[in-house]
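# Quick check, what structure comes out for this input:
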Amino acid sequence: MREILCFGDSNTWGYDPVTRQRFPGNVRWTGVLQAALGQGFRVIEEGLNGRTTVWEDPVEGDKMGKRHLLPCLESQAPLDLVILLLGTNDTKKRYSAPATDIAAGVGVLLDIVARSAAGREGKAPPVLVMAPAPLTKLTELDQMFEGGVEKSRALAPLYAELAKARGCPFFDAGTVIRCSDLDGIHLEAAAHRALGEAVAREVKKILRA
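Numbers count the residues shown, from 1 in each chain. Coordinates of the predicted model:
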């Protein structure tokens, strides 16, 4: 059984911008990924609304990926692959983080995985670095994410450079999906399906399945 940990934010959790509830498991991109990979794989969802890479949220509380990642790795070990899809929440105005610092935050998470023994035979598991789709037209969250659209557009090339330097595979979610115009941040059902199917192709290449 190949074990894959998907570590992300509300778009991995499955927030529906239409209903403002959670999509059913088979609609979320992680569920689509599981169905596309089929038997022999187990996709582990670890999505949290508001999760950041390394920033402490002064308003919503415990959202720091840096603190959550190692316990998740250890509790789910042994893992064949870790998929990181974070950075959207880091563009919030409250963090005042430039795009370069957001990418550096992903680098901190890669360091945590690299130092872990959460892969097979006590080794570190490989990581697929994913850049989130850029924000689109912000609606009720426009003040919270002020300046975030521009930052989000800068993330993919920075993540690609980071992944290359670390020897990690990279995938830009923005090449296959776009955020919903309902709030500019979250993914609608069709985007979840497209993303899950695209990630499945990447996973098969990485694991040569």
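
# List the contacts of residue 113.
By Cβ atoms under 8 Å, 6 or more residues apart in numbering, residue 113 lies in contact with 69, 73, 82, 124, 125, 127. Glycine gets a C-beta too; all of them are placed from N, C-alpha and C.

# for residue 206, same thing?
Contacts for residue 206 were tallied using Cβ under 8 Å, 6+ apart; they are 81, 126, 128, 169.

# The third one falls within a strand, correct?
In this case it means residue 128. Yes: when DSSP: H, G, I helix; E, B strand; the rest coil is applied, residue 128 is found to be in a strand.

# Residues in a beta bridge with it, which ones?
Going by DSSP bridges, residue 128 is paired in beta bridges with residue 83.

# how much space between it and residue 84?
From residue 128 across to residue 84, the span is 7 Å (Cβ to Cβ, to the nearest Å).

# out of these two, which sits in the more crowded spot?
residue 84 (25 against 22; other Cβ atoms under 10 Å).

# mind checking pLDDT for the more buried one?
Turning to residue 84, the model gives it a pLDDT of 98.

# so it makes contact with residue 4?
No: contact criterion Cβ atoms under 8 Å: residue 84 and residue 4 do not qualify, at 11.8 Å.

# For the most centrally placed residue in the chain, give me its contacts.
Centrality entry for the chain: nearest residue to the mean C-alpha point is residue 85, 1.3 Å, by Cα atoms, centre = their mean. Residue 85 makes contacts with 6, 7, 8, 9, 11, 12, 130, 132, 173, as judged by Cβ under 8 Å, 6+ apart.
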